[in-house]
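In: Could you look at this predicted model? Sequence included:
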Amino acid sequence: MENPNSTPNGRVPDEECSNCGTKKAWVLHNVRFRANLRRLCTSCVLRLHPSSFCPLCFLSHPDLNSQNALVPCSKCPSLSHPDCLPPSPSPFLCPPCSSANPNTFSFFQLDDRNRSLDKRLAAVLLCAATIASASMSKAVAVARSEAERRVREAANARKRAREALDRFVILSSSAKAADVSGSSKNNEKPNGLKELKE
């Protein structure tokens, strides 16, 4: 979803979510999403990472290999714990998919008058912060490996340049030596010419 509030250079002001454009965000998280660094509100972090947490208890799924014990939503990649599911007929729909308007659904609704967190909102905030932290840790690892790769490439390029310079010096010295020996031979008069002049 493209933010309609972005500036002409494509940047979104730091005080608003780069996904939904809300300026009412209580906390904006730094997140690496699809190889881009973004600032997202708590609800957008969760909406853009549906398979990373249970949308009912807000515990994150640290190990994606344990997905076999999780129940998928029938409309999106959201995964829930079987113990968290309400007693309802299958197929299971996560809260955003089961809401009247899934496009405007928010996990994190704060009352404008009372900005205190209850237990559920604290769990939502902690879940989003955990996902954001994990994404930034991955971003750091990617940046570190990219920097190490570039350092290795620079060292190899420096070595190749040094070897090329050494070859140039050797060839240049050989060419100068050949010129010197060739010019000294040209300065010597052949024996036949000496006899003719005498």
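Out: Thanks, I have the structure now.
In: pLDDT score assigned to the residue most central in space within the chain?
Out: Closest residue to the average C-alpha location of the chain: residue 35 at 3.5 Å, with C-alpha atoms, centre = their mean. If you check residue 35, the pLDDT there is 79.
In: looking at this, residue 57 is in a strand?
Out: No. With DSSP: H, G, I helix; E, B strand; the rest coil as the criterion, residue 57 is coil rather than part of a strand.
In: List the contacts of the closest residue to it other than its chain neighbours.
Out: Excluding the flanking residues, the one nearest residue 57 by C-beta to C-beta, 6 or more residues apart in numbering is residue 84, at 4.8 Å. Placement of C-beta: from N, CA and C, glycine included. By C-beta atoms under 8 Å, 6 or more residues apart in numbering, the contact list for residue 84 reads 54, 56, 57.
In: What score does residue 84 have for pLDDT?
Out: 84.
In: What of residue 144?
Out: Per the predicted model, pLDDT is 92 at residue 144.
In: What count of nearby residues applies to it?
Out: The local packing of residue 144 (other C-beta atoms under 10 Å) involves 10 other residues.
In: Please tell me how far it sits from residue 157.
Out: Per C-beta to C-beta, to the nearest Å, residue 144 is found 20 Å from residue 157.
In: measure stretch 40-55 end to end?
Out: 18 Å (C-alpha to C-alpha, to the nearest Å).
In: what packs against the host helix or strand of residue 142?
Out: For residue 142, the host element (DSSP states H and E) is helix 119-187. The contact analysis (3 or more C-beta pairs under 8 Å, 6 or more residues apart in numbering; DSSP states H and E) places helix 119-187 against strand 28-33, helix 42-48.
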